[in-house]
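*Asks:* Sequence first, predicted coordinates after that:
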Amino acid sequence: MGSVPGPAAGTTDAQTPPTPPPTVAGRGNGGAVPAPPGHVALIMDGNGRWAMARGLPRAAGHNAGAEAVRRCVQAAIKRGVRYLTLYAFSSENWRRTPDEVADLTSLLRYYLRHKVAELSREGVRIRIIGDLSRFDVEVRAEAKRAEDATAANRRLTLVLALSYGGRADIMQAAKHVALAVRDGTLDPDRLDEALFGRFLLTADLPDPDLIIRTSGECRLSNFLLWQSAYAELVFLDTLWPDFNEQHFDAALDMFARRERRFGARPTL
Ligand code: FPP
């Protein structure tokens, strides 16, 4: 993995099971509706199938997918979501053809270079998780610039998972825990879930409340494995390039109807 955060100082909401949402005033009908999930994470799937259905190259699907990212960020801001995590490039995506990896990489570079100012004006903070060391120096530089330029923004934290794998994240955390124990800086008796979570790449982020996957596939594909312990999962048939505000709202409505018990007994 890239640089390792180690235990993050002063984190408060990270790695704690999400709390059930409070209710807020309804959208115009006087009723009470649940507050939006604080952290929504997305597995954006179906770019290739979207392109194939139109007789287009896969790159066209990824380009259309980038437009859907824009719509999704706008919808998240509009609904008051505080954290939005997008699985934009998995550690397994390096196994795609060199041409497709190049297409995806240049799209990410373009997005980081040209869209960050606009996002920043809207109060979006960008955070990147994953093994950035596998990207070229330009992508790494753009990623750092995007994080630095938006660090003070608070409206929405947009987390881009790039060259990210959930197992790799848990592995690097375990290695750093082992090193800290060996060096005598960590007492193994003090290790609990909260402390372990502070060695993960997401140490400064709350766990996701809702994970949405598009394209009809129903699996996590190595995404936020530790962090998804209490997440609600919503699977939509829509292909990612077609994703819009209505799909986002539909997923939020499904989330609102779920009863989250975090292992406790149901209320009778
Ligand atoms: C999965 O579709 C999607 C990806 C591998 C990449 C996601 C990238 C984007 C949405 C565009 C760029 C992102 C940003 C943040 C600008 P797939 O290719 O696996 O589709 P398939 O399963 O139909 O083949």
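*Replies:* All right, it came through fine. Numbering: from 1, shown residues only.

*Asks:* Only C-alpha atoms, please: export the host helix or strand of His176 in PDB.
*Replies:* Using DSSP states H and E, the element containing His176 is helix 166-182. Output of helix 166-182 as PDB, limited to C-alpha atoms (Å, rounded to 0.1, in the frame of the first residue of the first chain):
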ATOM      1  CA  GLY A 166     -10.600  -4.100   1.000                       C
ATOM      2  CA  ARG A 167      -8.400  -7.100   1.700                       C
ATOM      3  CA  ALA A 168      -5.200  -5.200   0.900                       C
ATOM      4  CA  ASP A 169      -6.400  -2.400   3.300                       C
ATOM      5  CA  ILE A 170      -6.900  -4.900   6.100                       C
ATOM      6  CA  MET A 171      -3.500  -6.600   5.300                       C
ATOM      7  CA  GLN A 172      -1.600  -3.300   5.500                       C
ATOM      8  CA  ALA A 173      -3.300  -2.400   8.700                       C
ATOM      9  CA  ALA A 174      -2.500  -5.800  10.200                       C
ATOM     10  CA  LYS A 175       1.200  -5.400   9.200                       C
ATOM     11  CA  HIS A 176       1.400  -2.000  10.800                       C
ATOM     12  CA  VAL A 177      -0.200  -3.300  14.000                       C
ATOM     13  CA  ALA A 178       2.300  -6.100  14.000                       C
ATOM     14  CA  LEU A 179       5.200  -3.700  13.500                       C
ATOM     15  CA  ALA A 180       3.900  -1.400  16.300                       C
ATOM     16  CA  VAL A 181       3.700  -4.400  18.700                       C
ATOM     17  CA  ARG A 182       7.200  -5.500  17.700                       C
END
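
*Asks:* buried stuff in it?
*Replies:* 166, 168-170, 172-173, 176-177, 180 (16 or more other Cβ atoms under 10 Å). Any C-beta I mention is one placed from the backbone N, CA and C, and that applies to glycine too.

*Asks:* Tell me the buried residues in the strand or helix carrying Lys144?
*Replies:* Per DSSP H and E: Lys144 is located in helix 137-150. Using 16+ other Cβ under 10 Å as the test for burial, helix 137-150 gives 139-140, 142-143, 146-147, 150.

*Asks:* Which single one of the residues you listed is nearest to Ile128?
*Replies:* Minimum distance to Ile128 across the buried residues of helix 137-150 is 5.0 Å, recorded for Ala143 (Cβ to Cβ).

*Asks:* give me every residue that touches the residue nearest to that closest one when sequence neighbours are not counted.
*Replies:* Counting by Cβ to Cβ, 6 or more residues apart in numbering, Ala143 lies nearest to Ile128, which is 5.0 Å off, once chain neighbours are set aside. By Cβ atoms under 8 Å, 6 or more residues apart in numbering, the residues touching Ile128 are 143, 146-147, 159-162.

*Asks:* partner residues bridging Ile128?
*Replies:* Judged by DSSP bridges, the bridge partners of Ile128 are Leu160.

*Asks:* Look at it and report its pLDDT.
*Replies:* On pLDDT, Ile128 comes in at 98.

*Asks:* Helix or strand with the lowest mean pLDDT in the protein?
*Replies:* When each helix and strand of the chain is scored by mean pLDDT, DSSP states H and E, strand 23-25 comes last, with a mean of 43.

*Asks:* Looking at the contacts of Ile128, which is nearest the ligand?
*Replies:* Checking the contacts of Ile128 against the ligand by Cβ to the nearest ligand atom gives Leu160 as the nearest, at 5.7 Å.

*Asks:* so how many other residues sit close to the closest one?
*Replies:* Leu160 has 23 neighbours, counted by other Cβ atoms under 10 Å.
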